[in-house]
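Asker: I'd like to go over a predicted model; first the sequence, then the structure.
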Amino acid sequence: MSQLERYFITQLAANYAAENVKYGDVVLDATMGNGKDTLLLSKLAGETGKTYAFDVQKLALDNTSKLIKDNCAKATLILDSHDKIDEYIDEELSFAMYNLGYLPGGDKAITTKKDISLLSIRKCMKMIKVGGMITVCLYPGHEKGLEEAVGIESYLSGKSPKDYFVLKTGNINIEKGPFLIMIKKLR
């Protein structure tokens, strides 16, 4: 990993996971993509933990399934939209990751959508335990990504700082550059 790559938003999200996920935790990868975050969460939560991962694309599920098997990890992979997390998970989450946008190496016309992602994040904020954390990687460099980023940031900016610590990290010298939002549930 290069010196610069340590500061990519996806790596910062992974760092938050490594610092906060404990062995035995119940964790969520809301957008499994190619499985890197799913694998990370699975390794961190360990044998006694539970890792759930969602995606609407079969290609994502297939790629993630292979990665999980190749690394002798375990995860529950769900081919469904992340706005249905409450239909599959009936326990408190310790940590959740969202990497919004499109599947790397997949069809760029298939992207996450503002209303669906926002509904999922709202549900996740209720499901996350006190002290738990959610990371959201956003990509406003394309039209749908900009709409999604504006909607999610607007919603989160209205949350009480007594209930949630919400931190935004991004490049200020890249127009419409990707950014990370970290949400820590306080009460």
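Answerer: Nice, I can see it.

Asker: what about the helices in the chain?
Answerer: Per DSSP state H, the chain carries helices over the ranges 9-20, 36-45, 58-70, 85-88, 114-127, 143-157.

Asker: could you check the angle helix 114-127 makes with the longest one?
Answerer: Using axes from the mean of the first three to the mean of the last three Cα atoms, to 10 degrees, the interaxial angle of helix 143-157 with respect to helix 114-127 works out to 30 degrees.

Asker: Can you pull out the residues in contact with the biggest strand by length in the chain?
Answerer: Taking DSSP state E as the criterion, the chain has its longest strand at strand 128-138. By Cβ atoms under 8 Å, 6 or more residues apart in numbering, the residues outside strand 128-138 that reach it are 9-10, 12-13, 16-17, 20, 92-101, 121, 124-125, 145, 148-149, 152-153, 178-187. For the C-beta atoms, the positions are set from N, CA and C on the backbone; glycine is no exception.

Asker: Next, format the helices of the chain as JSON lines and append distance to residue 29 and mean neighbour count.
Answerer: Shown next, in JSON lines, are the helices of the chain (distance: least, Cβ to Cβ, whole Å; neighbours: other Cβ atoms under 10 Å):
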{"stretch": "helix 9-20", "distance to residue 29": "10", "mean neighbour count": "17"}
{"stretch": "helix 36-45", "distance to residue 29": "4", "mean neighbour count": "24"}
{"stretch": "helix 58-70", "distance to residue 29": "8", "mean neighbour count": "16"}
{"stretch": "helix 85-88", "distance to residue 29": "11", "mean neighbour count": "14"}
{"stretch": "helix 114-127", "distance to residue 29": "11", "mean neighbour count": "18"}
{"stretch": "helix 143-157", "distance to residue 29": "17", "mean neighbour count": "16"}
